[in-house]
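Q: Build me a model from this:
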Amino acid sequence: MTPPWLRSAAHLRLKGRRPANLFKPDGYQFDDPRPMGPAPRWFSGPSQCWSVTPVVPLYTDGEAVPLASEPSAEQKAQDRRAASQWAAEVLDDKTTLIMSVATIGPPVRQTDDPLSAVATCEITLTDTTGSLAWHQVVDPQWFAPPTSELAEAGLTAAAVCAAPPFKTIMEEFSTRTSGKRLVVHGRSHAYSALFRSYEYAIEGGHAEDGWVFIDHLDIAETLGNARWECAQLRAAEYTGTWNHTGGHYAVPPLPASAVDGPSRSRALSGLLQRLAAPSRYRELNDIATAATASGRSHRPKALKGTRLSRSAAARHAVLHRSGGACENPDCPNPHYTSDRSRSGAYLLEVDHIDDHAKGGADVPQAMAALCPNCHKIKTLGTTGEQLRERLRQTADERHRQILE
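A: Numbers count the residues shown, from 1 in each chain. Purely as a prediction, here's the structure:
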């Protein structure tokens, strides 16, 4: 029996309200079974129809808010910080794997054909930098795979038909993902597709919707050996664009250029880096500020001659803040290159706005990431002083925006 203080989103909507925590339910319940059609031919039980029992998320009634209300600026900022912190934790977690799952077919079975529902046709695993860990095209065992859907996934019918079926690779997939933190763009869809693939591999297409076998518990346990997390929902919280019709944050897609599995995983890696940047900036800013306050900055450092020590944390913070773009607001080509250093850092030159040797503060707020041209203008150009003033304002604004 459902506790009286918990309600489904649909129930709340009838009252003109919505959950304040749509992406983080307070509980779940099994809904009433829904008849889906005649019982399968092989079934000999008394029932003449089969059904599905949906699982419905539940939310605390007392915390619901008016449907038309948008989160406050403070709540949006809190959600954005939480999403950024989550991304930073994901990138720091050595067990994290980024997974891309390409599928064909509709999410809900359309006919009695067990292969008419969603089916896995490609799985990609990478580390958090986007480096490939495992890539496997999968034969969904359809007689005529839809070429248009395959093309959208960057695949061909020939490649799919030549690939092994999921049954032959499911043990390796289980081994590779067990104990891992799986980050997916569209967690529910990927989970459903893989559950279907396990189901078909084990039951051979005889498991109708709505029927639960002992093997299903084994499948759930296998998939449960990994920790599944959805980057798409976190990106929605980070972006903060409100969907007034749905009463939730708008869920962003991956870039259209991410067509095949490896490119989708690399795009997701880039998304995580962007989400984590503000959190990284706060952490590094605190380190740099503490170093300056303790006197560890501006100490003479003997190299060839004498130079002042610099805070590595401050430099890294400024690179995170830049997002890979020159911080001169008047730069004609802020994304002058998409290349990275061998360590994966942005190829920008971090410089003190006021000369470090002359007492310029060694903290992110007093520094800027510049492309080589703008760096030259600041240091040697006739308009260098005007640029310095622009950079002071820009760095201060960006610094305060991230820390607010």
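Q: Could you use CA atoms for every contact and neighbour count after this?
A: Noted.
Q: quick one, helices of this protein?
A: Ranges of helices within the chain are 9-14, 73-92, 147-152, 157-161, 166-177, 187-203, 214-223, 231-239, 261-293, 312-322, 372-380, 384-403, based on DSSP state H.
Q: Relative to residue 357, which of those is closest?
A: Nearest of these to residue 357, taken as C-alpha to C-alpha: helix 372-380 at 13.4 Å.
Q: Any buried residues in the closest one, and which?
A: By 16 or more other C-alpha atoms under 10 Å, the buried positions in helix 372-380 come out as 374, 375, 378, 379.
Q: I'd like the distance between the second one and residue 353.
A: Counting by C-alpha to C-alpha, to the nearest Å, the gap between residue 375 and residue 353 amounts to 10 Å.
Q: swap in residue 396?
A: From residue 396 to residue 353 the distance is 11 Å (C-alpha to C-alpha).
Q: Quick check: neighbours shared by the two?
A: residue 366 (C-alpha atoms under 8 Å, 6 or more residues apart in numbering).
Q: Tell me which of the two has more neighbours.
A: residue 353 (25 against 15; other C-alpha atoms under 10 Å).
Q: so what pLDDT did the nearest residue to the more buried one once chain neighbours are set aside get?
A: Nearest residue to residue 353 in three dimensions, chain neighbours excluded: residue 367, at 5.2 Å (C-alpha to C-alpha, 6 or more residues apart in numbering). Per-residue pLDDT puts residue 367 at 94.
Q: what's near enough to touch the residue lying closest to residue 162 once chain neighbours are set aside?
A: Closest residue to residue 162 apart from its sequence neighbours, by C-alpha to C-alpha, 6+ apart: residue 139 at 7.2 Å. Residue 139 is in contact with 120, 121, 160, 161, 162, 163, 164, 165, 166, counting by C-alpha under 8 Å, 6+ apart.
Q: beta partners of residue 139?
A: Beta-bridge pairing of residue 139 under DSSP bridges involves residue 165.
Q: so how many other residues sit close to the nearest residue to residue 391 once chain neighbours are set aside?
A: The shortest distance from residue 391 to any non-neighbouring residue, by C-alpha to C-alpha, 6+ apart, is to residue 328 (6.3 Å). By other C-alpha under 10 Å, 22 other residues sit near residue 328.
Q: which residues of the chain score low on pLDDT?
A: 1-2, 30-55, 106-117, 142-145, 204-214, 296-309 (pLDDT under 70).
Q: Determine which residue lies closest to the centroid of it.
A: A centroid search over the chain (C-alpha atoms, centre = their mean) returns residue 231, at 2.4 Å, as the residue closest to the centre.
Q: List the residues that contact that residue.
A: Residue 231 neighbours (C-alpha under 8 Å, 6+ apart): 183, 184, 185, 186, 187, 268, 272.
Q: run the last query once more with 10 Å
A: Contacts for residue 231 (C-alpha atoms under 10 Å, 6 or more residues apart in numbering) come out as 83, 86-87, 90, 98, 182-187, 237, 268-269, 271-272, 275.
Q: Ok, residue 11 next?
A: 17, 18, 58, 61.
Q: Identify, from those residues, the entry nearest to residue 314.
A: Within the contacts of residue 11, the smallest distance to residue 314 is 42.4 Å, found for residue 18 (C-alpha to C-alpha).
Q: What about that closest one, how many residues nearby?
A: So residue 18, with other C-alpha under 10 Å, has 26 neighbours.
Q: Could you list which residues are in contact with the nearest residue to it once chain neighbours are set aside?
A: In space, and not counting its chain neighbours, residue 18 is closest to residue 67: 4.9 Å by C-alpha to C-alpha, 6+ apart. The contact partners of residue 67, by C-alpha under 10 Å, 6+ apart, come to 12-20, 244-248.
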